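# Using only what follows, build the 3D model:
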Amino acid sequence: MRVSTARYEAFEAGAPHSGSRLATSLTLAAMSLGYGVVQLDVTIVNTALDAMGRTLGGGVAELQWVVSAYTIAFAAFILTAGALGDRIGAKRVFMAGFAIFTAASLACALSPNATVLIGARLVQGLAAAILVPNSLALLNHAYPDDRERGRAVAIWAAGASLALTAGPFVGGALITLVGWRAIFLVNLPIGLIGLWLSWRYATETTRAPSREIDLPGQLAAIGALGALAGAIIEGGALGWQHPALLAAFASAALLAVLFVWRESRARQPMLPLSLFDHRLFSLTALVGLLVNVAIYGLIFVLSLYFQRINGLSAWWTGLAFVPMMAVVLPVNLLAPRLAERIGSCPTIVGGACISALGCLGLLWIEAGTSYWAIFAQMIAISSGLGLLVPPLTSTLLGSVEKARSGIAAGVLNATRQTGSVLGVALFGSLVASEGAFMTGLHASLVVSAAVLVLAAAVIGIGAPSRG
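Residues are numbered from 1 along each chain as shown. I've put the predicted structure just below:
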């Protein structure tokens, strides 16, 4: 009885079960599934855009909303989701996020029209925001040793990179063999396995009931980002002088000001503005936003180019993106070594410039251009991304005290997802005009290259010389 009581008390305290290397490993598996399914849905949807458009109707704007609804909720809620896990327990919140993500995936698969699909994607993004920070919190709890935790986080991140890479290929295969709805149904077994592993093997974190949830700040953030993205998405169809768009831009600006005002006065803000007192933190957060504007907006437009202009099937479109995604992981592994040799900031600058050159190399692309004629440029774009992300992340985390590394990582995730929202909205609006897709694609490439050069200049000129 004494042994049983000790085990019960250890469980209540959130300690791993005795003899539990297996339990710890299966906790890692559950957390990796949670992060992996989030990343899978970032890329798998791109291969299905044309099929969704043909089945559900609607134009480029509706397809933009299918992508952006997910990333808007993800970007806007990720900071609050971490605080919620602190308050009531990361395991409870993580499992709730997995259950919501799985149910929303089923709703996506059963959507009868674009409006329902967009709503379900919004809920998916909310669940994704819950999964990412709380999976890290549970890993941190499961691996108290620094070295073992570092290895676990590397596996967690590698699994997500694998899911990101596999997304186009898996999506193309499922759409060809079953239909586009299957790309969401594949999340169901992943969700059920992840839920069971989490319930059975993960141990709860210590709760902090005093941790407040900044609801007014959260609502202002969602409103500001949603209004801005909506105005940009609809701008291509309605015209930039339309009264509704002007009202949306004004609302976004007002809500952004209210958000900053709220965060400056909240006792426990979702975004501590004092973080931005660190110059290097501010610069790296801005670079994260700019890079995602350039890269993820371009991936959205290239997906439509392959299918709607060059007539590739979902299968071949998925295959077209596999090399681009696959190169990111090995370059990620190379980046820290290069950063040690020449410095983090020069590595970030080099990565941004390589991606910018890849964008400029695509400027001569036309309808019917051979895939192999643009292969090297696509590899350059993704190689630059793979090169800059690890030193960008480590530089941002190193710019603040260790006790604030969790919220700093959350800010980087939020800014990068915000960049993805704005990139898809902006580039989608450029190609939305009837009969002007290629003109819009060329404009997107110019904008993407310019934004990447700006990112390189921001960190190259603005960072301290020792960066």
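
# Excluding covalently adjacent residues, which one is nearest to N113?
Nearest residue to N113, sequence neighbours excluded (Cβ to Cβ, 6 or more residues apart in numbering): L56, at 5.6 Å. C-beta: built from backbone N, CA, C; applies to glycine.

# Tell me who's in contact with that neighbour.
62, 111, 113-114, 117 (Cβ atoms under 8 Å, 6 or more residues apart in numbering).

# Considering those, which possesses the most neighbours?
Most neighbours among the contacts of L56, by other Cβ atoms under 10 Å: L117, with 25 neighbours.

# which residues touch that residue?
Contact analysis of L117 by Cβ under 8 Å, 6+ apart lists 52, 56, 66, 108, 111.

# Next, count neighbours for R149.
Using other Cβ under 10 Å, R149 is surrounded by 15 other residues.

# again but with E148, I slipped
E148, neighbours per other Cβ under 10 Å, totals 12.

# Mind telling me what element it is part of?
Using DSSP states H and E, E148 maps to helix 146-177.

# chain center to the helix or strand just after that helix: distance?
Downstream of helix 146-177, the next assigned helix or strand under DSSP H and E is helix 182-185. For helix 182-185, the distance from its own C-alpha centre to the chain's C-alpha centre is 19 Å (Cα atoms, centre = their mean, to the nearest Å).

# which helices and strands does helix 182-185 pack with?
Here helix 182-185 touches helix 90-109, helix 146-177, going by 3 or more Cβ pairs under 8 Å, 6 or more residues apart in numbering; DSSP states H and E.

# now, of those, which is deepest in the fold?
Greatest average neighbour count among these goes to helix 90-109 (a mean of 22), per mean count of other Cβ atoms under 10 Å.

# Report the angle between the next helix or strand after that one and helix 90-109.
Downstream of helix 90-109, the first helix or strand assigned by DSSP H and E is helix 114-142. Interaxial angle, helix 114-142 versus helix 90-109 (axes from the mean of the first three to the mean of the last three Cα atoms, to 10 degrees): 160 degrees.

# follow-up on the earlier one: dump the contacts of L117 into a markdown table; add pLDDT and distance to A128 as well.
As requested, those are exported to a markdown table (pLDDT from 0 to 100; distance: Cβ to Cβ, whole Å):
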| residue | pLDDT | distance to A128 |
| --- | --- | --- |
| M52 | 90 | 19 |
| L56 | 86 | 22 |
| V66 | 91 | 15 |
| C108 | 96 | 13 |
| S111 | 93 | 18 |
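
# Out of these, which comes closest to P464?
Nearest to P464 out of these is V66 (Cβ to Cβ; 41.7 Å).

# doesn't V116 make contact with that closest one?
No - counting by Cβ atoms under 8 Å, V66 stays clear of V116, with 11.0 Å between them.

# ok, the two, which is more surrounded?
Shown here are V66 and V116; by other Cβ under 10 Å, V66 has more neighbours (23 against 14).

# And the pLDDT for the nearest residue to G235 once chain neighbours are set aside?
Of all residues not flanking G235 in the chain, S429 sits nearest, at 4.9 Å (Cβ to Cβ, 6+ apart). We have a pLDDT of 87 for S429.

# Quick check: the gap between S429 and L40.
27 Å (Cβ to Cβ, to the nearest Å).

# Who are the contact partners of L139?
With contact set as Cβ under 8 Å, 6+ apart, L139 has these partners: 27-28, 31, 149, 152-153, 156.

# Actually, R211.
Counting by Cβ under 8 Å, 6+ apart, R211 touches 83, 86-87, 268.

# Please repeat the previous calculation with a cut-off of 10 Å.
82-88, 268 (Cβ atoms under 10 Å, 6 or more residues apart in numbering).

# quick one: which of these sit in helices?
Secondary structure defined by DSSP state H assigns 82-88 of the contacts of R211 to helices.

# which one of these is nearest L329?
G82 (25.8 Å).

# Touching, S444 and A432? I think so.
No - counting by Cβ atoms under 10 Å, S444 does not reach A432; the two are 11.3 Å apart.

# who's in contact with the closest residue to V186 other than its chain neighbours?
Distances taken as Cβ to Cβ, 6+ apart put L174 closest to V186, at 6.5 Å, once the chain neighbours are dropped. The contact partners of L174, by Cβ under 10 Å, 6+ apart, come to 44, 47-48, 180-186, 314-315, 318.

# got any ranges where the stretch 201-350 of the chain has weak pLDDT?
Scanning the stretch 201-350 of the chain for pLDDT under 70 picks out the ranges 236-237.

# again with the stretch 351-467 of the chain
Residue ranges of the stretch 351-467 of the chain with pLDDT under 70: 402-406, 434-435, 465-467.

# try 90 this time
The model of the stretch 351-467 of the chain has pLDDT under 90 over residues 386, 389-418, 420-421, 424-425, 428-436, 462-467.

# got the residue ranges for the strands in it?
Here the stretch 351-467 of the chain has no strands by DSSP state E, counting those that start in this stretch.

# Give me the common contacts of V66 and V116.
Shared contacts of V66 and V116, defined by Cβ under 10 Å, 6+ apart, are found at 56, 108.

# which residues touch the residue nearest in space to the middle of the chain?
Centroid-nearest residue in the chain, with Cα atoms, centre = their mean: Q417, separated by 4.9 Å. Counting by Cβ under 10 Å, 6+ apart, Q417 makes contact with 42, 70-78, 125, 128-129, 132, 225, 288-289, 292, 296.

# what's around L258, how many residues?
L258: 17 surrounding residues under other Cβ under 10 Å.

# Check I309 too.
I309: 17 surrounding residues under other Cβ under 10 Å.

# likewise the one 10 residues further on?
Each residue near L319 was counted by other Cβ under 10 Å, and the total is 18.

# S444 and A432: which has the busier surroundings?
Between S444 and A432, counting by other Cβ under 10 Å, S444 is the more crowded of the two (26 against 21).

# if you skip the residues just before and after it, what's nearest to the more buried one?
F427 (4.3 Å).

# The one you found touches G235, doesn't it?
No - counting by Cβ under 10 Å, F427 does not reach G235; the two are 11.8 Å apart.

# These two: which is more packed in?
The neighbour comparison of F427 against G235 (other Cβ under 10 Å) goes to F427, with 31 against 22.

# Run through who's touching stretch 175-182.
Residues outside stretch 175-182 that contact it (Cβ under 10 Å, 6+ apart): 44-45, 47-56, 106, 108-111, 117, 170-171, 173-174, 183, 185-186, 313-318.

# make it 7 Å
By Cβ atoms under 7 Å, 6 or more residues apart in numbering, the surrounding residues in contact with stretch 175-182 are 47-48, 51-52, 55, 109, 174, 183, 313-315.

# farthest pair in these?
Longest span within the contacts of stretch 175-182, Cβ to Cβ: A109 and S313, 20.3 Å.

# measure T393 to V153 for me?
As judged by Cβ to Cβ, T393 and V153 stand 11 Å apart.

# How about residues contacting stretch 148-162?
Here stretch 148-162 makes contact (Cβ under 7 Å, 6+ apart) with 28, 31-32, 35-36, 39, 139-140, 143, 328-329, 332.

# got TSV for these, with secondary structure and distance to G386 too?
As requested, the contacts of stretch 148-162 are arranged in TSV below (DSSP: H, G, I helix; E, B strand; the rest coil; distance: Cβ to Cβ, whole Å):
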residue	secondary structure	distance to G386
L28	helix	23
M31	helix	23
S32	helix	20
Y35	helix	18
G36	helix	18
Q39	helix	14
L139	helix	23
N140	helix	25
Y143	coil	26
V328	helix	4
L329	helix	7
N332	helix	5
